[in-house]
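>>> Here you go, sequence then predicted model.
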Amino acid sequence: MDVPRPSPYLIKTPTPARVGFGTFELDLNSGELSSGVKKILLQEQPLQILRMLIEARGEVVSRDAIRRRLWPDDTIVEFDHSINAAIKNLRRALDDSAQEPRYIETLARRGYRFIPPVEPIERRPPESTTPAIQPKPTDSRRLWVALSAAQQPASSGKWVWISASAAVLAITTALIGWWSRPPAVPVVEAVTQITNDGHTKGIGALVTDGSRIYFNEGVPGGEKIMQVSTAGGDTSEVSTRLTDPFTAAIAPDGSALMVFDGEGDINPLWIVPLPTGESRRLGTIEGQDGSFFPDGRIVFAQQTGLFTAEKDGSNVRKLLAVGDSTGCPKVSPDGKRIVVSALAQKDHPAYLAEVAADGSGYHEIMRGNSQNQVNCGYWTPDGNYVVTRLGGDIWLLPMNTGLIQKQHKPVQLTNGPLLYSSLCPSRDGKRIFAIGSKLRGELVRYDNKSGQFTSFLSGISAVDLTFSRDGQWVAYVSYPDYTLWRSRADGSDRLQLTYPPTRVGSASISPDGTRVAFSTDGGKPFVMNIDGTSQREIPRKDADVSSWSPDGNSLLFEVVAEGKQWVEKNSRQLETIDPRSGNRSVVASLQGIGAGLWITSDTVIAVTDDSTKLVAIDLQSGKRALLAAGLIVDFAASLDQKYVYYATGGAEPKAMRIRLSDRKIDEITSLKNLLRPMYVFGPMMSVAPDGSPIFTRDIVGTQEIYALTVKWP
């Protein structure tokens, strides 16, 4: 009779205090991870997982075992998100990749396995029998004692040299110890909900005068300025005559708000007095974001430049031409430095940069990546940190201060389950205010017979559904983790195809249902079998999968046109790629076209770049035929390719259907009663095998302001 062997990470076998693997060493007692002379700071959860993997000695560690180890009393609910984030952070520390792992291997539906051999490391005693005196890192007081001792007269030149040498050695050792010692890490001690109104928070900045928090509420085109006590409670509107205000900053004395009004990229700058008063234009200034200097002067961003002006809007002068699209200029508390966010036109990832108040010394200080964009940077009141957002988490960037400076790496402050945005350090520096969101969608199908929206695939949170032509298989992207799944059309036989940190941006299943093509949100395209095997990268950058050709031999991609910047107007076009050879060709006369569907061998249905026209394009002649006009939010084709469905936007959103044989348009239903359609998802519409339209609706009910109490080092 075979007796099941217990998992090795539950067996209390001796484990060396210090182990080595690859180029790394780990002290299991102190949790110190190092590579050569470089010390790497690990947070508690990634460290615990690394310990489990090492203790498992090459065996698989299940996610359930990780959950029991990290949260034995079930103290949090969203284990999956937290485990994914911890694994992601651990891979980042080890410079590892989920696609080509060298240290941590992901085994689908089983867990994780540590790949390299682990060797014990023993500390060798010193060769000399006489113990050497090793100076220890010391504080500044001891440094000055050593310096004073070095300056004392001695009775002999020999002893002078010995004393001086010892002092220099002590000082050097202390400086090396100080320089190499990792900084203490700030931690969140408590999270308190400030608002509870259930309303959508706008994209403007959170700002505070110490007793009130000011923020935007509503959607673009109809935002308003709201306020709430920093202690929490009911919200109230700040009355203005502005139509679509975007809150940027608050005056140093709390007497007024800096607001940009309008829906464009560049909008007029207004000053809104507090607590009440008539709003006024500030000169003729227009921009996209700005802030105040401590003396009341202003700095604002306009396209690719930074500008300054006096309190009354006069004496506008260009401070700096960045070259990249700029935003969120924030002045340090002492008024000497400015942190600005910038979006590189050729490189998708945004970055944070620092510049002196006189425009000199512009340099990058933090960069995001294709999967997690870095956002605006906000100074803490003491000027020691810049608070920013990477992905949905809050990060802290230690800023160089003092006579002797050293560069510290960004520190991750939060790790889910809330996704944070619009950050604002409190005036006393003890808290960080932020908008926290719990995001989830729900799949619903419109039943033509009953005229009702009903749950589809048990109402899972997913977007970008794509069916095989026979209606047997479906692939979809789960939300908000953006992982790719496949299942039968009835929801059975589910299989996860991708894992974090990979985030899938778009996907399309092949007509025969045997393969699925997808693009990551960084624009890297892949093709894999429907059973999750044989994943291959297609050699093309900045490409979003649109659809397969009817014969399944080629793929249609939305790409950046050659010679264009991705931020330029009409920069997108359609391109075909053979997934086997990688050969690609631009479809003739399609520049200025966005996403497309390959309907027949000669016909592509596409939407224009400005989302105002749905057209049929003849691939042979390049001619376009208008199918529908208006704000086209999304569109999809029926499996028999006889109909194209599309959703309109605006105040009266609708679901429509076009019969391609005669281009007859029918209204299916109003989408106004569909709870907050999640247009921000991108593709939100698809068509079920029975011809009924499927939507993702937003069931977020929580987008509120929170206060994070931070314990600083």
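Looks like it arrived, so ask away. As the structure is a prediction and not an experimental result, all values here were calculated from the model.
>>> SS state for Ser686?
Secondary structure for Ser686, judged by DSSP: H, G, I helix; E, B strand; the rest coil, is strand.
>>> quick one, what contacts it?
By CB atoms under 8 Å, 6 or more residues apart in numbering, Ser686 lies in contact with Asp464, Leu465, Thr466, Phe467, Ala636, Pro693, Ile694. The C-beta positions use only the backbone N, C-alpha and C, and glycine is treated the same way.
>>> Remind me which helix or strand the third one belongs to.
Read that as Thr466. Using DSSP states H and E, Thr466 sits in strand 462-467.
>>> Which strands or helices does that strand pack on?
In terms of contacts (3 or more CB pairs under 8 Å, 6 or more residues apart in numbering; DSSP states H and E), strand 462-467 is packed against strand 441-447, strand 473-478, strand 504-509, strand 685-687, strand 693-698.
>>> hang on, the earlier thing: mind putting the contacts of Ser686 into a markdown table with pLDDT, neighbour count and distance to Pro713?
Shown next, in a markdown table, are these (pLDDT from 0 to 100; neighbours: other CB atoms under 10 Å; distance: CB to CB, whole Å):
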| residue | pLDDT | neighbour count | distance to Pro713 |
| --- | --- | --- | --- |
| Asp464 | 86 | 26 | 43 |
| Leu465 | 92 | 25 | 47 |
| Thr466 | 93 | 24 | 49 |
| Phe467 | 94 | 23 | 53 |
| Ala636 | 94 | 22 | 52 |
| Pro693 | 94 | 24 | 54 |
| Ile694 | 94 | 23 | 50 |
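>>> and those as TSV, adding distance to Gly335?
Below are the contacts of Ser686 laid out as TSV (distance: CB to CB, whole Å):
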residue	distance to Gly335
Asp464	47
Leu465	52
Thr466	53
Phe467	59
Ala636	53
Pro693	56
Ile694	54
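>>> wait, which of the helices and strands packed on strand 462-467 is closest to Asp209?
Of all the helices and strands packed on strand 462-467, it is strand 693-698 that lies closest to Asp209, at 32.3 Å by CB to CB.
>>> what angle separates the closest one from strand 473-478?
Using axes from the mean of the first three to the mean of the last three CA atoms, to 10 degrees, one finds that strand 693-698 and strand 473-478 are set 20 degrees apart in direction.
>>> re the thing from before, paired strands for the strand holding Thr466, with orientation please.
According to DSSP bridges, strand 462-467 forms sheet pairs with strand 473-478 (antiparallel).
>>> mind listing what's buried in the strand it pairs with?
Buried positions in strand 473-478, judged by neighbour count with 16 or more other CB atoms under 10 Å: Trp473, Val474, Ala475, Tyr476, Val477, Ser478.
>>> Next: stretch 375-391.
375-380, 384-391.
>>> do stretch 188-207 as well
Those would be Ile194, Thr195, Thr200, Lys201, Gly202, Gly204, Ala205, Leu206, Val207, for stretch 188-207 by 16+ other CB under 10 Å.
>>> End to end on that stretch, go ahead and measure it.
20 Å (CA to CA, to the nearest Å).
>>> Test for you: state the pLDDT assigned to the closest residue to Asp393 other than its chain neighbours.
Counting by CB to CB, 6 or more residues apart in numbering, Asp393 lies nearest to Thr414, which is 4.7 Å off, once chain neighbours are set aside. The model reports Thr414 with a pLDDT of 88.
>>> what's the distance between Thr414 and Ser534?
37 Å (CB to CB, to the nearest Å).
>>> which of those two has more neighbours?
Thr414 (20 against 9; other CB atoms under 10 Å).
>>> my hunch is that that one is in a strand, does that hold up?
No - according to three-state DSSP, Thr414 belongs to no strand; its state is coil.
>>> those strands in the stretch 101-250 of the chain, which residues are they?
104-107, 111-114, 119-120, 187-193, 207-208, 212-217, 224-229, 236-237, 245-250 (DSSP state E, counting those that start in this stretch).
>>> Sorry, slip of the keys, the one I care about is the stretch 451-600 of the chain.
452-455, 462-467, 473-478, 484-488, 495-496, 504-509, 515-520, 525-529, 536-537, 543-548, 555-560, 572-577, 584-586, 593-600.
>>> got these as JSON lines, with distance to Ile435 columns?
As requested, those are exported to JSON lines (distance: least, CB to CB, whole Å):
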{"stretch": "strand 452-455", "distance to Ile435": "28"}
{"stretch": "strand 462-467", "distance to Ile435": "22"}
{"stretch": "strand 473-478", "distance to Ile435": "23"}
{"stretch": "strand 484-488", "distance to Ile435": "28"}
{"stretch": "strand 495-496", "distance to Ile435": "30"}
{"stretch": "strand 504-509", "distance to Ile435": "24"}
{"stretch": "strand 515-520", "distance to Ile435": "26"}
{"stretch": "strand 525-529", "distance to Ile435": "33"}
{"stretch": "strand 536-537", "distance to Ile435": "36"}
{"stretch": "strand 543-548", "distance to Ile435": "28"}
{"stretch": "strand 555-560", "distance to Ile435": "31"}
{"stretch": "strand 572-577", "distance to Ile435": "31"}
{"stretch": "strand 584-586", "distance to Ile435": "41"}
{"stretch": "strand 593-600", "distance to Ile435": "30"}
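>>> And those strands: which comes nearest Ala249?
From the strands of the stretch 451-600 of the chain, taking CB to CB, the stretch that ends up closest is strand 504-509, at 33.0 Å.
>>> end-to-end on stretch 196-206?
Calculated as CA to CA, the first-to-last residue distance of stretch 196-206 is 16 Å.
>>> same check, this time on stretch 296-306
Stretch 296-306: ends 17 Å apart by CA to CA.
>>> how about that stretch: buried residues?
Using 16+ other CB under 10 Å as the test for burial, stretch 296-306 gives Ile298, Val299, Phe300, Ala301, Gln302, Leu306.
>>> wouldn't the third one be in contact with Phe292 here?
It stands for Phe300. No - contact criterion CB atoms under 8 Å: Phe300 and Phe292 do not qualify, at 10.2 Å.
>>> who's in contact with Val633?
Ser611, Tyr646, Ala647, Thr648, Gly649, Pro653, Pro677, Tyr679, Met684, Met685.
>>> Name the nearest of those relative to Ser601.
Nearest to Ser601, judged by CB to CB, of those is Tyr646 at 22.5 Å.
>>> secondary structure class for the closest one?
strand.
>>> ok, it - contacts?
Per CB under 8 Å, 6+ apart, neighbours of Tyr646: Leu614, Ala628, Ile632, Val633, Asp634, Phe635, Ala636, Ala655, Met656, Arg657, Ile658, Met685.
>>> same thing but at 7 Å, please
Leu614, Ala628, Ile632, Asp634, Phe635, Met656 (CB atoms under 7 Å, 6 or more residues apart in numbering).
>>> mind listing which of those are in helices?
Applying DSSP state H to those, no entry is found in helices.
>>> Buried ones from those residues, can you make that a PyMOL selection?
Restricted to buried positions by 16+ other CB under 10 Å, the PyMOL selection for these reads:
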select buried, resi 614+628+632+634+635+656
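>>> If you rank every helix and strand of this protein by mean pLDDT, what lands last?
Between all helices and strands in the chain, the lowest mean by mean pLDDT, DSSP states H and E belongs to helix 140-151, at a mean of 32.
>>> hang on, the earlier thing: where's the dip in pLDDT among the contacts of Val633?
Least confident entry in the contacts of Val633, by pLDDT: Tyr679, with 38.
>>> Nice, that's everything, thank you.
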